[in-house]
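Enquirer: Sequence first, then the predicted structure, then my questions.
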Amino acid sequence: MTGQVTLFPTYLAACLTYLGVLEGRSLSEAWNRAQPLIVPTCIAGTVFWPIANIINFRYIGPSQRVLYVNAAGLLWNTFLSFMNSSQAVQAPVAAAGGSAAAAAAGGG
């Protein structure tokens, strides 16, 4: 539980910022883009990982636990990519809408 409160938000901030840097953004741009994603992603992770761990230790046999956690990690990383891309899709749409509005008003 301590890791969920202390390490997990730090991990998410670093991961989401790093994804932005890998996409070619500056560190400050990547950080500004990651900030609004940290809280909702952290909430999702505090729901996902305890349930995944309960299933792992209650229902999965010891010889299959590593495979199960790898599959859960794959799902989690897919979710992180989705969260990162969902904001990437919103930004161009808002920018395009702003350009269209400026052009309609005679400003562009």
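Expert: Cool, the structure landed.
Enquirer: now the helices for the chain?
Expert: Applying DSSP state H to the chain gives helices spanning 2-22, 27-59, 65-104.
Enquirer: Any idea which of these has the lowest pLDDT on average?
Expert: Of all these, the minimum mean pLDDT falls on helix 65-104 (a mean of 73).
Enquirer: Mean neighbour count added to the helices of the chain, as a markdown table?
Expert: For the C-beta atoms, the positions are set from N, CA and C on the backbone; glycine is no exception. What follows is the helices of the chain, written out as a markdown table (neighbours: other Cβ atoms under 10 Å):
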| stretch | mean neighbour count |
| --- | --- |
| helix 2-22 | 15 |
| helix 27-59 | 14 |
| helix 65-104 | 12 |
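Enquirer: Quickly note the distance from the residue nearest to the spatial centre of the chain to Glu23.
Expert: Computing the C-alpha centroid of the chain and ranking residues by Cα atoms, centre = their mean puts Leu80 first, at 3.4 Å. From Leu80 over to Glu23 the distance is 13 Å, taken as Cβ to Cβ, to the nearest Å.
Enquirer: got it, and Val5?
Expert: Taking Cβ to Cβ, one finds Val5 at 29 Å from Glu23.
Enquirer: Overlap in contacts, Leu80 and Glu23.
Expert: Common contacts of Leu80 and Glu23 (Cβ atoms under 8 Å, 6 or more residues apart in numbering): none found.
Enquirer: how close does Thr41 get to Phe82?
Expert: 10 Å.
Enquirer: got it, and Tyr68?
Expert: 21 Å.
Enquirer: cool, Arg25 as well?
Expert: Applying Cβ to Cβ, the value for Arg25 to Phe82 is 18 Å.
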